[in-house]
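Participant: Output the structure for:
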Amino acid sequence: MLTPHRVFKLKGISKMMKPVRKAILPVGGLGTRFLPATKAMPKEMLTVVDKPLIQYAVEEAIAAGVEQVILVSSRGKSSMSDHFDHSYELEQVLLERGKTEAYKSITEWLPEPGQVTVLRQQEPMGLGHAVWCARNLIGDEPFAVLLADDMILAEPGCLAQMIEAFQEYGGNLVAVEEVPRQNVDRYGILDVVEDDGKIARANGLVEKPNPDAAPSNLAIIGRYILQPDVMAELSNVRKGAGGEIQLTDAMARTLNRIFFRGIRFEGRRYDCGSKEGFVQANVAFAIAREDLREGVTDALREFCNG
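Facilitator: Numbers count the residues shown, from 1 in each chain. Okay, here's the model as predicted:
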């Protein structure tokens, strides 16, 4: 059932605002940092403990109330869409062998029919282009963007925290964290004008600035809630940093009419686009599980003391 429009209070003014019902997950990248593992397997299917990155992202979106998840994929990544479908042969074998828990592990989390949609990005033209590929499914609604590379261990999930803030503030909202000054050239960076320690309002943002010229060290990480105006700006195709169509450039062009804020989420982010971050995520998510915590912790002590 579709979520009705809700009345939110923005700066003391009651305003009808559409809810965030749709989320875009750009998953068309080549995953070259993880070769040879990603030679024949999408990077997003790499597992953290026992679930692929893409499943964590989809589950986070659905847990936040998202009704439709849009995967913007590319050639050779059909295993991702297969992952969100039934595997009837495997399910039958598991049931026949009495492996009830294994059966539940591949069926209980499956999205509702039609809840996950897969689109193709025919050319690798950047994050902004990947988001733009979903324009016809977004229409005139606000939408979320999640990057599966950014694993966030949080309760409630990062997107759920963002939607709660979005209901209060509206506008364009991104998840942010402070990064070392020497690393700002890896991120979109906020030009902050107000900051209460949790919500930072910005009057600008710069994509991958030189550390000496960066307006702050408050970096956008892979979670966004955006107004449809951003999608309209992406339709005016302009290449930015790296010769790609940058999502942050389209966001910047809406600053004169839409408030832009960053939220410091409660939780820990792991950059699974890097090998170091991927290993850290596996350790952190394993320790967070009661069935694995003791064994993993003991092994870590042994390794560190050895």
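
Participant: buried stuff in the helix or strand A165 falls within?
Facilitator: In this structure, A165 sits in helix 158-169 according to DSSP states H and E. Buried residues in helix 158-169, counted by 16 or more other Cβ atoms under 10 Å: 158-163, 165-166, 169. The way it works is simple: take the backbone N, C-alpha and C, and place the C-beta from them, glycine included.

Participant: ok, of the residues you listed, which one's closest to A286?
Facilitator: Of all these, A286 sits closest to C158, with 19.5 Å by Cβ to Cβ.

Participant: and the nearest residue to F265 once chain neighbours are set aside, what is it in contact with?
Facilitator: In space, and not counting its chain neighbours, F265 is closest to C158: 4.7 Å by Cβ to Cβ, 6 or more residues apart in numbering. For C158, the contact set (Cβ atoms under 8 Å, 6 or more residues apart in numbering) comprises 60, 152, 175, 223, 265, 267, 269.

Participant: let's see 10 Å
Facilitator: Each residue near C158 by Cβ atoms under 10 Å, 6 or more residues apart in numbering is listed here: 60, 64, 146, 150-152, 175, 221-223, 263, 265-267, 269.

Participant: The stretch of helix or strand E276 belongs to: how far from the chain's middle?
Facilitator: Using DSSP H and E, E276 maps to helix 275-287. Centroid separation for helix 275-287 versus its chain: 17 Å, with Cα atoms, centre = their mean, to the nearest Å.

Participant: in the sheet, who's paired with the one residue sitting closest to the centre of the chain?
Facilitator: The residue lying closest to the centre of the chain (Cα atoms, centre = their mean) is L146, at 2.0 Å. Following DSSP bridges, L146 is listed with bridge partners R223.

Participant: pLDDT score for Y187?
Facilitator: We have a pLDDT of 89 for Y187.

Participant: wait, it sits on I220?
Facilitator: Yes. Y187 lies in contact with I220 (Cβ atoms under 10 Å); the separation is 6.0 Å.

Participant: joint contacts of these two?
Facilitator: Taking Cβ under 10 Å, 6+ apart as the criterion, Y187 and I220 both touch 176-177, 205, 207, 248.

Participant: Which one of the residues you listed is nearest to V48?
Facilitator: V48 lies nearest to E177 out of the shared contacts of Y187 and I220, by Cβ to Cβ, at 19.1 Å.

Participant: Just checking, which helix or strand of this structure averages the lowest pLDDT?
Facilitator: Here the helix or strand of the chain ranked lowest by mean pLDDT, DSSP states H and E is strand 6-10, holding a mean of 41.

Participant: Let me see the ranges of the helices in the stretch 101-250 of the chain.
Facilitator: Assigned by DSSP state H, counting those that start in this stretch, the helices in the stretch 101-250 of the chain fall at 127-132, 135-138, 158-169, 228-234, 247-252.

Participant: sorry, back to before: going by neighbour count, list what's buried in the helix holding E276.
Facilitator: Within helix 275-287, the residues that count as buried by 16+ other Cβ under 10 Å are 277-278, 280-287.

Participant: Can you pull out the low-pLDDT segments for the stretch 151-300 of the chain?
Facilitator: Applying pLDDT under 70 to the stretch 151-300 of the chain flags the ranges 237-243.

Participant: picking that back up, surely the residue nearest to the centre of the chain touches K22?
Facilitator: No. With contact defined as Cβ under 10 Å, L146 does not reach K22; the gap is 11.3 Å.

Participant: got any residues that touch both of those two?
Facilitator: Common neighbours of L146 and K22 (Cβ under 10 Å, 6+ apart) are 61, 66, 69.

Participant: Which one of those residues sits in the busiest neighbourhood?
Facilitator: Among the shared contacts of L146 and K22, the one with the most neighbours (other Cβ atoms under 10 Å) is A61, at 28 neighbours.

Participant: Show me the strands in the stretch 101-250 of the chain, by range?
Facilitator: Using DSSP state E, counting those that start in this stretch, the strands assigned to the stretch 101-250 of the chain run over residues 116-120, 143-146, 150-153, 172-178, 188-195, 199-207, 218-226.

Participant: Distance to N305 added to these, as TSV?
Facilitator: As requested, those are exported to TSV (distance: least, Cβ to Cβ, whole Å):
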stretch	distance to N305
strand 116-120	45
strand 143-146	38
strand 150-153	25
strand 172-178	31
strand 188-195	40
strand 199-207	41
strand 218-226	34
